[in-house]
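Asks: curious how this folds, go ahead:
(2 chains)
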Amino acid sequence: MNNPIRFIDPDGMNADWYEHKNENGSTSVLWKPGNAEQVSVMGETYNRTGETYTQNVGSDASITYNQNDAVELTVNVLSPSDWKSQRTDDGTGNKPGDEGNCFYQSGEMVKASGAESLIGTANNISDKNEGDNYINNQVDQGNSVRVHVDRDNNQTGDHWITISSRTTDLKTQAVKSFGFYDPGTSKSASGTQISNSLDTKSLTGVTFYSGKTYTVTEVRKNKKK
Amino acid sequence: MKFLRVLCIIIVVSCSGQSNNQPDKISNKAFTSFLNTFSKKTLPLILDRKTVFGLSRDVFDSVAKTYKVNHFPKFNQAFSIFLPEEIRKNTPINRFRCLFALPIMYNINLLIIAQDFFQDDEQNALKLFLGSYDKEGKILGFLEIAGYTIDIDEKFAEIKGEYTINSYDYRFKNAPDNNFPTLFYLLETQKLFRIEDNGAFLNIQENAKEGYFKGNWSGYFFVK
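Replies: Predicted coordinates:
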């Protein structure tokens, strides 16, 4: 876990975040005035990382700071090691059998969160607000959710993805977005990319691996525990 | 970790070797019509990851939350004479699109052309070419500068005001260690080209690096 060691509180102008990799593998960070690429503190060199900084709080949550203001809280229901792919390792095609199916692999990812995504279209939620509420309710319980998306703009679901996180605006307490893991790529770094997120107002988002825009068409319910 | 770095200075004149098969006489009207189909762009032109993927056939307007009609015109049959034979053969002409016309240099027209590829009705690859043409429409040089094949490779570029081109080619490889699931294992090849006054593209520098990279919509950044 990253450990901020100090917060120097100037006038809030022209300050940035800096980090230093310690010998034991941990990271020390600080926020200080100036925008030099590197600064030296107590003999250690810190490299500038920018105006924002995301601090992991355990393995299931993180807080994002804009300057020294905490602006977002992200709660994770999946970790990158939970990601599954429907594609072969070389990226040239789908895996044989069920493993090559996005619905199947999305369900496997839901399982990794401790929940079970139901089969059968009768368990779909098509209403946007109802679907939004259902995802929130499941994330509150630490569960992932399987979601059907339209990726070719014909208002019909044609791909399944899995909810991986929820980000809340700490100023307004409104939910901003749901992160998702995508089984449609062979690359774990693409499938779990931090920019893979659905805006909660429109339930749309862009997947990193192909640049395609996904629009949620249905949310699949989980089995009641 | 495998780490490779190669530096080569002045290599070869690129893009030659392609037979153009253009007619001896190109009508002025045909070339003017072709040129007028492109959107004018100033330099520098940055073709980073976000821009390259945004040039795919279905472009989403993140403000209006709707798909835009493709606003880059497709080639018509009459324009096929402005493609090198090797590029246009075996490809339907409507898979090419007219993108950008860059500022004229030494009386040379510099045009960016897209080639679209589809698999199972989905765009799975895009190639962006920079073509140089004399004032009569004769092809002087043709260079693939950017594009992607999903999960296989990605290529980005920056064309600078002094008519040099930085290109960044990334090939996805299997990582030797699977303990870094949020990092990409890539072979990065950076090339620097200079556009000559005869329209050729001269590769003047090249270096390669293999390892773990972070990725975002700007591109990929070496970690270790």
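
Asks: what's the following helix or strand after the strand ranked longest in chain B?
Replies: Assignment by DSSP state E gives strand B:201-215 as the longest strand of chain B. Next along the chain after strand B:201-215, taking DSSP states H and E as the criterion, comes strand B:220-222.

Asks: give me phi/psi at the residue sitting nearest the centre point of chain A?
Replies: The C-alpha lying nearest the average C-alpha coordinate of chain A belongs to A:G179 (Cα atoms, centre = their mean; 3.6 Å). The phi/psi pair for A:G179 (degrees, to the nearest 10) reads phi -80, psi 150.

Asks: these two touch, right, it and A:S197?
Replies: Yes: using Cβ atoms under 8 Å, A:G179 is in contact with A:S197, at 4.9 Å. Placement of C-beta: from N, CA and C, glycine included.

Asks: about what we covered before: list the helices and strands the longest strand of chain B packs on?
Replies: Applying 3 or more Cβ pairs under 8 Å, 6 or more residues apart in numbering or on different chains; DSSP states H and E, we find strand B:201-215 packed against strand B:7-9, strand B:13-14, strand B:184-195, strand B:220-222.

Asks: buried sites along that strand?
Replies: B:201-203, B:205-206, B:208, B:210-213, B:215 (16 or more other Cβ atoms under 10 Å in any protein chain shown).

Asks: and for the nearest residue to A:F180 once chain neighbours are set aside, the neighbour number?
Replies: For A:F180, ignoring the flanking residues on the chain, the nearest one in space by Cβ to Cβ, 6 or more residues apart in numbering or on different chains is A:I161 at 4.6 Å. By other Cβ atoms under 10 Å in any protein chain shown, 28 other residues sit near A:I161.

Asks: dump the residue contacts of A:I161.
Replies: Residues in contact with A:I161 (Cβ atoms under 8 Å, 6 or more residues apart in numbering or on different chains) are A:102, A:106, A:146-147, A:149, A:180-184, A:207, A:214.

Asks: between the residues you listed, which is closest to chain B?
Replies: Closest approach between the contacts of A:I161 and chain B, by Cβ to the nearest Cβ: A:G184, at 9.0 Å.

Asks: what residues does the closest one make contact with?
Replies: Per Cβ under 8 Å, 6+ apart, neighbours of A:G184: A:85-87, A:102, A:159, A:161, A:191, A:207, A:209-210.

Asks: who wins on neighbours among these?
Replies: Top of the contacts of A:G184 by neighbour count (other Cβ under 10 Å): A:G191, with 30 neighbours.

Asks: in this structure that residue contacts A:F180, no?
Replies: No: taking contacts as Cβ under 8 Å, A:G191 lies outside contact range of A:F180: 9.2 Å.

Asks: before we move on, the earlier item: quick check: which of the helices and strands packed on strand B:201-215 is buried the most?
Replies: Comparing the helices and strands packed on strand B:201-215 by mean neighbour count (mean count of other Cβ atoms under 10 Å in any protein chain shown), strand B:184-195 ranks first with a mean of 20.

Asks: could you give the separation of it from the chain centroid?
Replies: 13 Å (Cα atoms, centre = their mean, to the nearest Å).

Asks: is chain A contacted by it?
Replies: Yes: counting by Cβ under 8 Å from any Cβ of the partner chain, contacts between strand B:184-195 and chain A involve B:F184.

Asks: average pLDDT for that strand?
Replies: The average pLDDT for strand B:184-195 rounds to 97.

Asks: list the neighbouring strands of it plus their orientation.
Replies: Using DSSP bridges, strand B:184-195 pairs in its sheet with strand B:164-172 (antiparallel), strand B:201-215 (antiparallel).

Asks: closest one to A:L170 among these?
Replies: Comparison of the strands paired with strand B:184-195 against A:L170 by Cβ to Cβ identifies strand B:201-215 as nearest, at 25.5 Å.

Asks: give me the buried entries from the contacts of A:I161.
Replies: Buried among those by 16+ other Cβ under 10 Å: A:102, A:106, A:146-147, A:149, A:180-184, A:207, A:214.

Asks: got the residues you listed as TSV, with secondary structure columns?
Replies: As requested, the buried ones among the contacts of A:I161 are exported to TSV (DSSP: H, G, I helix; E, B strand; the rest coil):
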residue	secondary structure
A:C102	helix
A:S106	helix
A:R146	strand
A:V147	strand
A:V149	strand
A:F180	strand
A:Y181	strand
A:D182	coil
A:P183	coil
A:G184	coil
A:T207	coil
A:Y214	strand
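
Asks: so what's B:I195 bridging to?
Replies: B:F201.

Asks: which of the residues in the one helix or strand B:E86 maps to are buried?
Replies: Secondary-structure assignment from DSSP H and E places B:E86 in helix B:85-88. Neighbour-count burial for helix B:85-88, counted by 16+ other Cβ under 10 Å, picks out B:87-88.

Asks: okay, buried residues for the following helix or strand past that helix please.
Replies: Using DSSP H and E, the helix or strand that follows helix B:85-88 in sequence is strand B:96-105. By neighbour count on 16+ other Cβ under 10 Å, the buried set for strand B:96-105 is B:96-102, B:105.

Asks: note down every partner strand of the longest strand anywhere in chain A and its orientation.
Replies: Longest strand of chain A, by residue count under DSSP E: strand A:159-169. If you go by DSSP bridges, strand A:159-169 pairs up with strand A:69-76 (antiparallel), strand A:146-150 (antiparallel), strand A:175-181 (antiparallel).

Asks: mind putting those strands into JSON lines with distance to B:I152 and mean pLDDT?
Replies: JSON lines is the format used below for these (distance: least, Cβ to Cβ, whole Å; pLDDT from 0 to 100):
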{"stretch": "strand A:69-76", "distance to B:I152": "30", "mean pLDDT": "95"}
{"stretch": "strand A:146-150", "distance to B:I152": "23", "mean pLDDT": "97"}
{"stretch": "strand A:175-181", "distance to B:I152": "21", "mean pLDDT": "97"}
